Structures are given as C-alpha cells and as structure tokens.
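[1] please work out how this folds:
(chains A, B and C)
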Amino acid sequence: MKSSRFDATVLTLGFAFLYIPIIILVIYSFNASKLVTVWGGFSLQWYRTMWSNQGLMDAAWITARVGVISATIGTVLGTLAALSLVRFTRFPGRMLFSGMIYAPLVMPEVITGLSMLLLFVAVGIDRGFWTVIIAHTTFTMCYVAIVVQSRLLTFDRSLEEAALDLGCPPVKTFFKITLPLIFPAVIAGWMLAFTLSLDDLVIASFTTGPGATTLPIKIYSQVRLGVTPEINAICTILIGLVTIGVIITSISTKQAEMRRIRDEHVAARGTT
Amino acid sequence: MAKSLGPVKRKFSPWTDPSAVPFIRFENITKRFGDFTAVDNLTLDIYEREFFSLLGPSGCGKTTLMRMLAGFEEPTEGRILLQGKDISGVPPYRRPTNMMFQSYALFPHMTVEKNIAFGLEQDNLPKGEIATRVEEMLKLVKLEQFAKRKPNQLSGGQRQRVALARSLAKRPKVLLLDEPLGALDKKLREETQFELMDLQTKLGLTFLIVTHDQEEAMTVSDRIAVMDKGLIMQVATPAEIYEAPNSRYVADFIGDINILEGTVASTDSALGAPGTVRIDCDGIAVSVEQECQAVVGDKVAFAVRPEKVRIAPDQPAVTSVNAVYGEVWDIGYLGDFSVFLVKLADGRVVRAAQANVSRLVDRPITFGDMVWLTWPLDAGLVLTR
Amino acid sequence: MASVSETHPANKPSPARWLVVAVPYLWLLLFFVAPFLIIFKISLSETAIAMPPYTPLFDGFGAIGDFVSELDFDNYLFLTDDPLYIEAYLSSLRIAVISTFLLLLIGYPMALAMARAPTMLRPTLVMLVILPFWTSFLIRVYAWIGILKPDGLLTLLFQSVGLFGADDQVQIFRTDYAVFIGIVYSYLPFMVLPLYSALEKMDNTLLEAASDLGCPPWKAFWKITFPLSLPGVIAGSMICFIPITGEFVIPDLLGGADTLMIGKTLWTEFFGNRDWPLASAVAVILLIMLVVPIMIFQNQQKKVA
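    Prediction:
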C-alpha cells in the first residue's frame, strides 16, 4: 500500500534523526583519540579519567541525592494535588490551583529559576543543597500531578464506595484500595520527577549555592570549553542508566500485560 | 384500587396489613443535583424480608434513591428510617446495609477470599471467625475452588457471585443490588434470577434491587415500584403492575399494550363498586368491566394487552364483546407468538398476539386479510391518569 | 449512572480531606506564586551596589505605604530604550514561531504514521519517541556540537563522500540554523506525543465513512483527520512554543554571538552583569508575552482532563 510505505519512510527518517546523534555520542566515548573526528581505536580511558575526576563524581553524588529527595517529596505533593484536582470539584481558588499545576509545565526555566532564587534571597535562606531540592520539588510535583491525575480520571469510584459500604472508613479506604491501585502511576510519576531533576541545568544554576554543584552544572561548564571525550563518557553512562531503567519498566509492563491476557483466557475457560 | 386478582395473590403480603411496621421508610425524600431534581418528594415503605424492585428508565432516580439508602448521597429534603431510626448523616461505613455494585467493584488487587473477607476485617472479627464466614460464603455461591484467584481470573458470572458473596458476608439487614445482572448474558441472567430468589428466601433478608429490565423485576420481586422522573408511578406486585397498571405510563412501560384515547360515554361504576364503563374512542365504542371513578365526559384511555385480543376472519357471534374490524397490515413473528398489526378503517393500528400453536406454514391469517379483533369485557382497562 | 454530588461522603469536608488540598496548594503558593510577586517587585527597584544587588525588599511592613511612591519604572524604560532588548524579544518570538512550525511539519507526519501503524507496534513506537526525552536535554544538545562543529562529523561526512573539498567546512555551528536544529531535535517528542494521542483516539470508521461517501483520501485528510486532530495540534504547539521562547541552553551552546534570544539575555544580565532588577524586568515582560499562550494551553489541558 502506498500510504504504509510513506509512513514507514517517515518513521525511519524521524527515528534516525532522534537517535543518530545519541549513538554517535556513545560511540565516541570509546574513542582512544581526543579528537572528535578521528577514530583512534577502542578505549576505555575516558571512563577512567572520568572516574578519577573527583569534582565530577561529587557532582554526580549530589545530583543523585537531590533527585531522590525532590522526586520523593514531589511525588507525595503531586499525588495530593492530583487527588485535589480530580476529587474536589469545588473549593475556593480551584481555578488558581489548577493554573498553578499546569503553568510550571511550560514556564520557561529561566523565569522559574530566577523567581525562585529571588524568593530565597528575599526571605534570607542560604542557597545550596536544600534550595535546589525545593526548586526541583516545585516543578516536578506538577508533572507527577498530571501523571497521577490521568490515572485517577479512569479510576472506578465504585471500588472506593464498595470499601466504604463494607465498613471501611475513608482514610483507610485510601490506603487499602485507592493507593495500591494507582501505585503504578505514582511510581511512573516518581521516575519522571527523578529524571527531570537529574536533567535540570537552568533552575539548578539559579537556586544552587556553594558546595551544591549538580552534574548538569558541571557538564555545562565543561561543555562551554569544548567537546571532550570525558563528557561523552559520563553522558554514555547516564544514557545507559536511563535506557536500562526504561527497558526494565517496559518488560515488566509487558509481562503484566501477558499475565492479564493469560488470566482472561483462564477466566474465559472458566476452569481451574 | 385495582380489583382483587385472586389466583396471583401471595401468602407473603405485609403491605396489605395496616398494622405492619415498615422496615425501611423513605419519607418525603427529595434529592437535587444543582438544578436537576433526581428524586421528587417521594415516600415509600419497604417491609422486612421483602424482595423489592425499583424499576424505571435510566435517569428516573432509582439509583439515586438506592445510593441514598446506602449513604453515598444525602437527601436534600426528607429522611430515611431504617427499623424506625433516622439514618441521615450516618456515613456509609456505619450503615447496616450492603450493596452489590453494577460493575461488581471487586478489588482487583485482592483474591476472591480477601475480597469476601474485606468487610468482616473492618469489624475486627477474630481471624478464625472470618475464615469460617468466608468459607461459608464461598460455599453459598459455589466458588470454593476459586478462593485464591484474583477477580480478573474469573468469568463474568463468577465475578457476579463473588460480588454477591462479598455483600452478603456481613449479613446486612438490607442488601442493595444495583443492576446486579446487567452485565450477564440473557441465559445466565435468567438462571441467576432464580438463584437470587432462592438465596433471599433461604437467608430471610430484605433485598432492594434497582433495574431497568422489566422481565427481571417481574421475575424476582414481591413488589415493584415503577419510577419516572423522580416520582413513583405505581407500587404493586408484578401481577398487579401488569394486569392493572394505574396509568398510561405504567401500562406502556411494562409489556406491550394497545392504548386508545377516548371519553366516558356512560358508567355505572364507582369507587368500591365495579360496573360497566362505556368509552367512545373516536368512533369505536368499547366496554370495560371495572371499578372506576371516572364520570361521563371524562377524558380517559382504553388499554388492552395484545395477547388478550382474539383475531379471527369471521364476525363474532356474540354481541356482548368488544369488536373492531380491519386489515392485517403487518405480522411480527416472534417464534412462540405472532403479533398482528391490524389497521382499522380510520388508520389506527391495533395489535393482537396469537400463540403459534401450529407451524408457520399452516397460518390461516396473512397480510391483507380482513379480520375481526375481539376481546371480552374484563380484558381491557380504563386508565384515568 | 447517578452523578456524584457534593454531598458524596468522600467529598465532604473533613480535616484529612482539607489537608489533601491545603498542602500542595500552600506549597505552590509559597514557591511558585510568591516568587512571581517578588520578581515583579524587584523589577521595580533600583540596582544597589551591595549584596544582594538590589535594595532590600522587606524593610518592615510600614514600608508598604512608601512602596507605591518608590515604584521605579527605570528598568522598564531602560528595556524599551535599548533596541537590543526589543530585538531580543522579537527574535525569540521569531525563532519560537519558526521552530514550532518546523516541529509541526516534522512531527505531524510522524504522529500520523504512528497512529496508522499496526496496533501491536504502537507501544514500541511510543516508547521510541519517549526514550530520548528521558535522556538529558543537555546531553542531547551537546551531541549536536560534535556533529555541527566546523571540524565535526558533518564536515567529515561531506568530505568523505566527496561533496566537500579538504578545506571546506560546514558553517552551521554558532548560527541560527544550529539553533533551529537543536530546538527541533530537543522538542520533537513534546510535539509528537500530543499529536499522536489526538490522532490515535480517532475513530477509523470516520475515514471509511468519508471514503464510502466518495471523498478521496487526501481530501478526507484535510476534511476529517486534520480538523479532528486540532486539539493535539494546539496542545503540542503550545507545549513547544512557550518554553522555546524562553530557551537558554540551546542558543547558548549552539547559537552564535548574534543569536538573540531573551533567555540568553536574562542569563547574561543575571550571571554576567549581576543586574538583578533588570533581569527581573526582562523576566516580567517575557511572562507578560507568554500569558496568552499559557492561557490557551491551560484551557486545552482542562478540556482534556
């Protein structure tokens, strides 16, 4: 068919565009030569250099901690925000509230970063590790809220009603029924928040202080000086981690899907 | 009210006993959602051990009424009494009612066993007792070997039984069933209807069921409340609802019926004194033997069910019956029955149903035949509402 | 069946339920809305030499009365006086509009192709679009430096296929073209996903009905598919347009000295010149420019939710 050949071409070109730069970056991290355009043979020397670069390693450790802490707080706040949006149809300032959830998703980072910094200065908080966490929590919670909200919108309310009907009080119902069932979305939200936090350069640059240099800030300052294979190496490791994470998630969802299909076959046969 | 329908009268009929105390009483209940009135100043009594149906089209307020009893909605006005006690403001998790949900609402992350035990665990019963009760319930719905399965590993019929077992496990005073059989296919639905009736008698519980399926309501209920637009149109036994509907709405909603509008020409009937009512339906004169309040000149409707109309090619010999003459315009073949649409001279259509006692090929009446439709005096009804 | 009302027991106000709303609400008020008020205030104050580089904000609430008289529009006047800033705003808008258009041009066929792919294949395709998004933004921009540099891989490629002589070099790096490539590359997933979700939802029998009624496929696309995908087009365009306007990393790393974008200007005012009030004024005007697109985006999101 003509249109399917067109579609295949479009997708091939599109994905080539998306992936070739990343693949090149990964390949050149194993280049023995320091020059980008010259292939000097396979080598792991840049990984060794990277490993012994104390500044880079410190930044990585700080980034990981910022990511875990801000993603966790952001997930709790984002889940609460999603519940408020879906379950509370009317409360004072609901318009403002939903506005505050959606705006950070598109707000240029320079504005968010600058405004957040000015707040910290205005109230006299020393900038550093915790100010980055507050800033990251604030914008990642909105992403979590969107992810959890879309799950809650398809949530069958009668499950909660059934629990209430069977004598389970509301708060307990949330922890025994609602939370376990929306948990995959909460986890997805956490992972998204964590990645966004790892990724962020601009907001972190504004809100950080002495001793809290995150990895993107470190990479950025080196990138400005030019392309180095050492940066390629650390980028490759980050890409590798993310890819492994995504592959594990997709395999586990695939398995859950297979299990579901198998269950339905069992159910259809109606036998043990 | 309607005349006594001797043979269909049941032994269980607390609603006819003026001294009986209702188990559940909806008292002047109104429920509004914004501008929309879902239930409109409704009063209804339900008795202990009764199998009671709320029947009506979607949006008639039946589900809202049930949800108010379960505690998921609070009435805007009026109160609900359970065993004489006002239960307004009591949250659903403290009400002695349990509900079986239309979607079953089985907890997908728990096994069948855990689902059934859920309500019992909320009462902090000892572990041993919970186990015994769960086993008992599994046995009751014949699902012993499925105890460890998750809901998605069950068929639709099995899920329905788990939902039933879960809602019965706490031995509620009233079991609420919201379209309980709606998701089952026709055959399974009919089987399950009888199982439900059996269970209700065996456990001696009060069942309140919401349904839009009239056959289901007719089969299972002791009494039916037909609802429309937040109002109750009629509360009566299935037989009364079918044979003596009190209004055009109920007559039309339940089963198939011919309705002819007309005016009362003469009557010797009054409340408490059955007699003959003659109605002029735009040129067709019909007579009905009924207890009826209408007086001469009243606008009324005459109604007769198709299966009570006899169809024949010859003019009836007896003049005391009602008779109309027309042409067979269409025939609906339903297998067990055939419905004949007979067009009268003035264009009106009257339906007559005939059991297909012989095979199709031998049918004596066919399209275009001129036929007489006749029915006895006690077959039809005068509808004043 | 019955609509859930305000009297639903799960919706009744109780302390626990109020906490659910109050905690995220207060957090956002404190860390998202309050900063905007501060930025607005500071944009109206004078640069001071001392640290912090602006005159203090809270010198007691008695100062509120003085506040209005102290309003100082110098920063804004300065912005309008200097054509550099106006050009930076206009150039940001121009780059954002062109990039969004390019993104639509590339993203739409991709999204359409994904939506028309066999159902089995679709989750994999979606994952392939999302995967680069999970990879660091900075890394993806960085990857292009190595390719676009005058002595980079693109030059090498052209030289090796004989298109270029040994001395010719690709002159894209540090120009607006590199910025466009970087933006399109980085934002493509944000455009494709909303488009895909709009197209994927579409009922295929609509096209069959159109075809049945005698409408040829290309016409059916413009009469049926495209109008129905408009919500996705608007969502995708806004999700890309708004942040692109304030983009900093891409013009900074890929653009040239003459690539004017307001995000870069703001960064320079702040980190380079340490003129916080002016940086705030730049941010406030950028925000005002984006109010309308942000409102469109929010309305779109509310319709979806």
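
[2] on the three-state scheme, residue C:95 is what?
    Per DSSP: H, G, I helix; E, B strand; the rest coil, the secondary structure class of residue C:95 is helix.

[3] what's near enough to touch it?
    By Cβ atoms under 8 Å, 6 or more residues apart in numbering or on different chains, residue C:95 lies in contact with C:176, C:179-180, C:183, C:244, C:251, C:261. Every C-beta, even on glycine, is put in place using the N, C-alpha and C of the backbone.

[4] let me know the closest of those to chain B.
    In terms of Cβ to the nearest Cβ, no member of the contacts of residue C:95 lies closer to chain B than residue C:244, at 42.1 Å.

[5] tell me how far the helix or strand hosting the closest one lies from the chain's centre.
    Under the criterion of DSSP states H and E, residue C:244 resides in helix C:230-245. Remark: helix C:230-245 is offset 8 Å from the chain centroid, using Cα atoms, centre = their mean, to the nearest Å.

[6] give the buried residues for it.
    If you call a residue buried by 16 or more other Cβ atoms under 10 Å in any protein chain shown, then helix C:230-245 has these buried ones: C:231-245.

[7] one step back: which of the contacts of residue C:95 fall within helices?
    Taking DSSP state H as the definition of helices, the contacts of residue C:95 contribute C:176, C:179-180, C:183, C:244, C:251.

[8] what subset of the residues you listed is buried?
    By neighbour count, with 16+ other Cβ under 10 Å, these hold C:176, C:179-180, C:183, C:244, C:251 as buried.

[9] just flag the most distant two among these.
    Pairwise distances across these peak at 13.1 Å for C:176 and C:244 (criterion: Cβ to Cβ).

[10] now do the same contact list for the nearest residue to residue B:232 once chain neighbours are set aside.
    Excluding the flanking residues, the one nearest residue B:232 by Cβ to Cβ, 6 or more residues apart in numbering or on different chains is residue B:225, at 5.1 Å. If you count contacts by Cβ under 8 Å, 6+ apart, residue B:225 has them with B:44, B:52-55, B:232, B:234-235.

[11] repeat that with 6 Å
    Listed by Cβ atoms under 6 Å, 6 or more residues apart in numbering or on different chains, the contact set of residue B:225 reads B:54, B:232, B:235.

[12] ok, residue B:37 to residue B:253 distance?
    Counting by Cβ to Cβ, to the nearest Å, the gap from residue B:37 to residue B:253 is 20 Å.

[13] so which of those two has more stuff around it?
    When neighbours are counted by other Cβ atoms under 10 Å in any protein chain shown, residue B:37 and residue B:253 differ, and residue B:253 comes out ahead with 21 against 16.

[14] and the more buried one, how far from chain C?
    Distance, residue B:253 to chain C, using Cβ to the nearest Cβ, to the nearest Å: 19 Å.

[15] same question, residue A:25
    For residue A:25, the distance to chain C - Cβ to the nearest Cβ - is 4 Å.

[16] and the residue nearest to residue B:232, what element?
    Assigned by DSSP H and E, residue B:225 belongs to strand B:223-228.

[17] name the next helix or strand following that strand along the chain.
    That would be, after strand B:223-228 and using DSSP H and E, strand B:231-236.

[18] from the contact counts, what lies against that next one?
    Counting contacts by 3 or more Cβ pairs under 6 Å, 6 or more residues apart in numbering or on different chains; DSSP states H and E, strand B:231-236 is packed against strand B:223-228, helix B:248-253.

[19] quick check: mean pLDDT across the strand or helix carrying residue A:148?
    In the assignment (DSSP H and E), residue A:148 maps to helix A:129-153. Throughout helix A:129-153, pLDDT has a mean value of 92.

[20] next one: stretch C:163-171
    Stretch C:163-171 shows a mean pLDDT of 76.

[21] endpoint to endpoint, that stretch covers what distance?
    Counting by Cα to Cα, to the nearest Å, you get 14 Å between the two ends of stretch C:163-171.

[22] what residue in chain C comes nearest to chain A?
    Closest approach between chain C and chain A, counting by Cβ to the nearest Cβ: residue C:246, at 2.1 Å.

[23] can you give me phi and psi for that residue?
    phi -100, psi 10 (degrees, to the nearest 10).

[24] pLDDT score for it?
    Residue C:246 is assigned a pLDDT of 89 by the prediction.

[25] in contact with the spatially most central residue of chain C, which residues?
    Here the mean C-alpha position of chain C is nearest to the C-alpha of residue C:243 (Cα atoms, centre = their mean), at a distance of 1.9 Å. Residue C:243 makes contacts with A:106, A:108, as judged by Cβ under 6 Å, 6+ apart.

[26] and residue B:150, by the same measure?
    Applying Cβ under 6 Å, 6+ apart to residue B:150 gives the contacts residue B:111.

[27] just to revisit the earlier point, ok and the strand holding residue B:225 relative to strand B:231-236, angle-wise?
    Put simply, strand B:223-228 runs at 160 degrees to strand B:231-236, going by axes from the mean of the first three to the mean of the last three Cα atoms, to 10 degrees.

[28] tell me the domain ranges of chain B?
    Domains of chain B are assigned by automatic domain parsing as B:7-249, B:256-383.

[29] about what we covered before: okay, the buried ones among the ones in helices among the contacts of residue C:95 in CSV with distance to chain A next?
    As requested, those are exported to CSV (distance: Cβ to the nearest Cβ, whole Å):
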residue, distance to chain A
C:176, 19
C:179, 15
C:180, 13
C:183, 13
C:244, 8
C:251, 11
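
[30] alongside chain C, which residues does the stretch 1-150 of chain B contribute?
    B:33, B:63-64, B:67, B:73-74, B:91-92 (Cβ under 6 Å from any Cβ of the partner chain).

[31] returning to that earlier point: just say which of the helices and strands packed on strand B:231-236 is most tucked in.
    strand B:223-228 (a mean of 24; mean count of other Cβ atoms under 10 Å in any protein chain shown).

[32] list the strands paired with that one, with their directions.
    Sheet pairing of strand B:223-228 (DSSP bridges) gives strand B:51-55 (parallel), strand B:231-236 (antiparallel).

[33] deepest-packed of these, please.
    Sort these by mean neighbour count, taking mean count of other Cβ under 10 Å, and strand B:51-55 sits at the top with a mean of 26.

[34] pLDDT below threshold where in chain A?
    In the predicted model of chain A, residues A:1-2, A:36-37, A:268-272 satisfy pLDDT under 70.

[35] returning to that earlier point: output the strands paired with strand B:223-228 in TSV; the columns should cover mean pLDDT and distance to residue A:113.
    Formatted as TSV, these follow (pLDDT from 0 to 100; distance: least, Cβ to Cβ, whole Å):
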stretch	mean pLDDT	distance to residue A:113
strand B:51-55	91	59
strand B:231-236	89	62
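
[36] closest one to residue B:266 among those?
    Nearest to residue B:266 among the strands paired with strand B:223-228 is strand B:231-236; the distance by Cβ to Cβ comes to 27.3 Å.

[37] how about the strands in the stretch 251-385 of chain B?
    Assigned by DSSP state E, counting those that start in this stretch, the stretch 251-385 of chain B shows strands spanning B:258-267, B:275-281, B:284-290, B:299-304, B:310-312, B:322-333, B:337-344, B:349-355, B:370-375, B:381-383.
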